[in-house]
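# show me the folded form of this:
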Amino acid sequence: MTTSPEDTSSPTSGPSSVTASASPTASPGTSATVGQIVEGFPEKLIPVMPGATVISSSFDKTSQPSTVALVASLKAPAAAVVDFYTKHLKGLGFKAVPGDAVGAVASKDFVRNDNETVNVAIVEAAGVSTFTIGANVAVESAK
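Numbers count the residues shown, from 1 in each chain. Modelled structure (predicted):
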């Protein structure tokens, strides 16, 4: 049996249909914003590095684990960003995972209690480091 691109049937199942899902919407406990720290953001967990400009931030305190994200930029080498967040996260009991890059991108992973994770990824260009921090942590850690 030859089918044309418009033919949506198969020899055994008959016509098929596809139902498009609605656009995703944020849950009531999810907050995100551009150009600043979102209200309720757990800055004790993920502080903004001194001198950095916030590009965006988000926080979902209703999920298990809670998810936190920060994107910022800074006139500094990527190594300075990694050092700042490594010291901070180690002070909170996170342990650095071996490895310092994914391809050409500086990237550092941290874990605590085998179920909380933080990733810091940095792209450096023309003396500016743009970094993304993503964390999945216990709800009580994101306060």
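# all helices of the protein, in order?
78-91 (DSSP state H).
# where does it dip in pLDDT?
Filtered on pLDDT under 70, the chain yields the residue ranges 1-30.
# which residues of this structure fall in strands?
According to DSSP state E, the chain carries its strands in the segments 9-10, 14-15, 30-34, 53-60, 66-74, 95-96, 101-102, 105-112, 116-125, 128-137.
# the ones you listed: which one's closest to Tyr85?
Comparison of the strands of the chain against Tyr85 by C-beta to C-beta identifies strand 116-125 as nearest, at 4.8 Å. C-beta coordinates here come from the backbone N, C-alpha and C atoms, glycine included.
# related to what we said a few turns ago, so which of the strands of the chain comes closest to Pro47?
Of all the strands of the chain, strand 66-74 comes closest under C-beta to C-beta, at 9.1 Å.
# give me the angle between the closest one and helix 78-91.
Interaxial angle, strand 66-74 versus helix 78-91 (axes from the mean of the first three to the mean of the last three C-alpha atoms, to 10 degrees): 150 degrees.
# orientation of strand 66-74 relative to strand 116-125 in degrees?
Going by the same axes, to 10 degrees, strand 66-74 makes 20 degrees with strand 116-125.
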